[in-house]
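Asks: 3D, please:
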Amino acid sequence: MFSRMRSPLMLGLSSMLGVLAWGIIASSPVAIATDIPAPESSGDRPILRQIWAYENYQQVVQETADMVADQSIWNLVQRYGLQVMNITWEDTGRYQNSTVGPNISDMTIQVQQEDPITGDLSMSLMPVIRYPNFTDQTADLPIDQFQLLVGNHQGEDLEAVPLRDVLDNLRDYLTEPDSWDGDETSLLAERDTHVMVSAQACFLPIPQEGMAQFNPVLFNYQSYEGDPAVLTILATREGTSITVIDNTRDRVESGWMWGQRLFFNRDGDRASFTGQRISDFQTDADRPGDPQASVAGEEGLNMVMLIQVPLRQQQAMRFDAPLPASPLGLSDAAPAMESERQSNVEAAVIGHGDIEGPFTEIDGLSIERDPRFPIRVTVQFYKATSNGVVSETDVQQIRQQIARVYEDADYVGSLVVDGSTGRPTEHDGEQTEPENWWEIFWQHYRDRIQSSD
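Replies: Numbers count the residues shown, from 1 in each chain. Model (predicted):
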């Protein structure tokens, strides 16, 4: 079953940050939640310390993941027009007044843990605060306001390059240009005067002096092995990583969770992303000389841009699939004990971890831009917490960060519920969900799976 049961329900903004060399260029000027003591160090029993660390961090992960089931957090963020969820709808093409469309994607932030005894992996979805999924309030910003840091794909020093240039000369920003079959060099379309933009705050389980390892995970309902419907460009303070989404490679499949993990491209090798509390990052003795910090600017340390570029498919199809009516388990349990626990939320500096294998880019495919759909940029502000407690001050700051992303937009609103808007990011083609969409979807899904066996 698919992860999305759909039912109605900046990186570096210079206007806000002023100092960033990348991102959106404005047009105008803890405590760990357990008191179990660590075991004494023992040279002949290192497994004891590993077990303690695993169980201790497991509680941090669980309390962070449980934010989506905390009624008090729901009530708090809703007062600011936001929602807390662990699956977000990041669509480049959705039908009006519908939960589905001809190019739709689910995004999650996933943290994995390995049991030191059994080796089993457990996976948790991290909470995100944003505007509601169904209405999907977005902004249209000129594409020329976006810059990315590049150079990591070749192990070189970083430099800022306009997003337009990356799209128009994509091979220049690939570790292996020949991984793109054919002679095409550009994924830029005539419609790309503007890109569709949304913003969100993403929480990571990070105790003081700790580190979280995670992956953004994308599931695109139109993509299949050998026939991707989107290409992603993931931009951080450490560089830009480009890959196609086929829902098969680097796949996550655990119960109802599906999707393709996204990685950092470190000179042709892949690495998961890491998050560290900014207070710890700033006190590390070697940080003043960190080249990425100086290039990105301090305010860009906790920001990520997930950019989706729609691709023309060989066997195109329309999709629909449902997300739980209340985002993932809004429970009737008692609210978190805020009187006993205090928020320790702060910015999470994004980096990368150890090498895990080769990084895949275009995977030997011949890809072509689908000009019917806009490019979508999801701006993420990462936050650290060790106990899942969020204060009203935290939510106010998140609301302000999100609002600033929309501030310099030429258009703001919903392409789902506002009717025909004439916005440059409104997708071409049918705007109304076909009555037999589900039947077509499942038949197409079965046919594609059988043909790949």
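Asks: Could you check stretch 402-417 and say which residues are buried?
Replies: The neighbour-count check on stretch 402-417 (16 or more other C-beta atoms under 10 Å) flags Ile402, Arg404, Val405, Tyr406, Asp408, Ala409, Tyr411, Gly413, Ser414, Leu415, Val416 as buried. (C-beta placed from N, C-alpha, C; glycine too.)
Asks: pLDDT averaged over it, what's the number?
Replies: For stretch 402-417, the mean per-residue pLDDT is 96.
Asks: thinking again about what came up before, please produce CSV containing the buried residues of stretch 402-417, extended by secondary structure.
Replies: Listed next are these as CSV, based on DSSP: H, G, I helix; E, B strand; the rest coil:
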residue, secondary structure
Ile402, helix
Arg404, helix
Val405, helix
Tyr406, helix
Asp408, coil
Ala409, coil
Tyr411, strand
Gly413, strand
Ser414, strand
Leu415, coil
Val416, coil
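Asks: Pick the one among those residues closest to Asp70.
Replies: Relative to Asp70, the closest of the buried residues of stretch 402-417 is Ile402; by C-beta to C-beta it sits at 19.9 Å.
Asks: and the end-to-end length of stretch 361-372?
Replies: Stretch 361-372 stretches 23 Å from its first residue to its last (C-alpha to C-alpha, to the nearest Å).
Asks: again, but for stretch 171-187
Replies: This stretch, stretch 171-187, spans 10 Å end to end (C-alpha to C-alpha).
Asks: mean confidence score for it?
Replies: Model confidence over stretch 171-187 averages 97 on the pLDDT scale.
Asks: Please spell out which residues along that stretch are buried.
Replies: Arg171, Tyr173, Leu174, Thr175, Ser179, Trp180, Leu187.
Asks: List of residues touching that stretch?
Replies: For stretch 171-187, contacts defined as C-beta atoms under 8 Å, 6 or more residues apart in numbering pick out 150, 153-154, 161, 166-170, 231, 240, 242, 265, 267-268, 309, 311, 359-369.
Asks: closest to Pro116 among the buried residues of stretch 402-417?
Replies: Nearest to Pro116 among the buried residues of stretch 402-417, with distances taken as C-beta to C-beta, is Ile402, at 38.4 Å.
Asks: which residue packs closest to that closest one, ignoring adjacent ones?
Replies: Spatially, and ignoring its direct neighbours in sequence, Ile402 is nearest to Ala199 (4.4 Å; C-beta to C-beta, 6 or more residues apart in numbering).
Asks: do the same with Ala139
Replies: That would be Ala409: by C-beta to C-beta, 6+ apart, it lies 3.5 Å from Ala139.
Asks: ok, the one you found touching Gln137?
Replies: No - Ala409 lies out of contact with Gln137 (C-beta atoms under 8 Å); the separation is 10.6 Å.
Asks: show me where the protein has helices.
Replies: Counting by DSSP state H, the segments of the chain that form helices are 14-17, 46-65, 71-78, 163-168, 278-283, 291-296, 392-407, 437-452.
Asks: For Asp192, find the nearest of those helices.
Replies: Here helix 163-168 is closest among the helices of the chain (C-beta to C-beta), at 7.2 Å.
Asks: Who are the packing partners of the closest one?
Replies: Where contact means 3 or more C-beta pairs under 8 Å, 6 or more residues apart in numbering; DSSP states H and E, helix 163-168 is packed against strand 146-150.
Asks: For the strand it packs on, what is the distance to the chain centroid?
Replies: Centroid separation for strand 146-150 versus its chain: 17 Å, with C-alpha atoms, centre = their mean, to the nearest Å.
Asks: what's in contact with it?
Replies: Identification of contacts with strand 146-150 by C-beta under 8 Å, 6+ apart yields 12, 21-25, 158-164, 166, 173, 195, 233, 235-240, 295-296, 305, 377.
Asks: The contacts of stretch 171-187 in strands, which ones?
Replies: Using DSSP state E, the subset of the contacts of stretch 171-187 located in strands is Val150, Val161, Leu231, Thr240, Ile242, Asn265, Val309.
Asks: Would you mind giving those residues as TSV with neighbour count, pLDDT and distance to Tyr445 added?
Replies: TSV is the format used below for the ones in strands among the contacts of stretch 171-187 (neighbours: other C-beta atoms under 10 Å; pLDDT from 0 to 100; distance: C-beta to C-beta, whole Å):
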residue	neighbour count	pLDDT	distance to Tyr445
Val150	21	98	36
Val161	18	98	38
Leu231	24	98	21
Thr240	24	98	32
Ile242	26	99	27
Asn265	26	98	30
Val309	26	99	23
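Asks: Phe203 is nearest to which of the helices of the chain?
Replies: Among the helices of the chain, the nearest to Phe203 by C-beta to C-beta is helix 46-65 (5.8 Å).
Asks: Mind listing what's buried along the closest one?
Replies: Of the residues in helix 46-65, those buried (16+ other C-beta under 10 Å) are Trp52, Asn56, Tyr57, Gln58, Gln59, Val60, Val61, Glu63, Thr64, Ala65.
Asks: Which strands and helices lie in contact with it?
Replies: With contacts defined as 3+ C-beta pairs under 8 Å, 6+ apart, helix 46-65 has these neighbours: strand 105-114, strand 121-125, strand 194-205.
Asks: do that again at 6 Å, thanks
Replies: strand 194-205 (3 or more C-beta pairs under 6 Å, 6 or more residues apart in numbering; DSSP states H and E).
Asks: Give me the contact list for the strand it packs on.
Replies: Strand 194-205 is contacted by residues 60-61, 64, 109, 126-130, 138-143, 212, 275, 348, 374-385, 398, 402, 405, 424-425 when judged by C-beta atoms under 6 Å, 6 or more residues apart in numbering.
Asks: Tell me, how many residues neighbour Arg249?
Replies: 14 (other C-beta atoms under 10 Å).
Asks: in the stretch 351-453 of the chain, what spans have low per-residue confidence?
Replies: 452-453 (pLDDT under 70).
Asks: one more time with 80
Replies: Applying pLDDT under 80 to the stretch 351-453 of the chain flags residues 437-438, 441-442, 444-445, 447-453.
Asks: Over to the chain?
Replies: Counting by pLDDT under 80, the chain contains low-confidence ranges at 1-22, 24-50, 52, 250-258, 284-299, 315-340, 437-438, 441-442, 444-445, 447-453.
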